[in-house]
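Chemist: Give me coordinates for this.
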Amino acid sequence: MPLAVLIPVSLVMLFSPGSTVPSGPPHSDKLVHAGLFAALAIAAVVAGAGWRSTAAVLLVYAAVSEVLQGVLPIHRNGDLRDVLADTVGIACGIVLTLVVRRFRVFLGK
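Modeler: Numbering: from 1, shown residues only. Predicted structure coming up:
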């Protein structure tokens, strides 16, 4: 269920016209990117997707979304640094999920 909510949320966040995107402190958008992709990774792995396939699909999604932001008439720019932030988020989400699973097994839950 969380993944079913997060996918449309990510589409809105990534493809809303530039004029509707709120601004914040410099580079704060990188935290938003990392957080969004961490949440997507966690939701996908919890939903049963393998961590490798989750990483692969989300990396492609991150790259394609930045290319589309640069070519669609939505007044957004593709940014390699956003893809890097997405990648950090994906890695953090997957690692966090795997650590929590391992800890739960260790506790016998």
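Chemist: C-alpha from now on. contacts and neighbour counts both.
Modeler: OK.
Chemist: Let me see the contact set for the spatially most central residue of the chain.
Modeler: The centroid of the chain falls nearest to residue 37 when counting by C-alpha atoms, centre = their mean (1.4 Å). By C-alpha atoms under 8 Å, 6 or more residues apart in numbering, the contact set of residue 37 is 58, 86, 87, 89, 90, 93.
Chemist: farthest-separated two in those residues?
Modeler: 58 and 93 (11.3 Å; C-alpha to C-alpha).
Chemist: Neighbour count: these two, which is higher?
Modeler: Comparing residue 58 with residue 93 by other C-alpha atoms under 10 Å, the one with more neighbours is residue 93, at 26 against 20.
Chemist: where in this structure is pLDDT low?
Modeler: 109 (pLDDT under 70).
Chemist: where do the helices sit along it?
Modeler: 2-15, 28-46, 51-71, 80-107 (DSSP state H).
Chemist: For residue 21, find the nearest of those helices.
Modeler: Closest among the helices of the chain, once you apply C-alpha to C-alpha, is helix 2-15, at 8.0 Å.
Chemist: Report the buried residues of that closest one.
Modeler: 3, 6, 10, 14, 15 (16 or more other C-alpha atoms under 10 Å).
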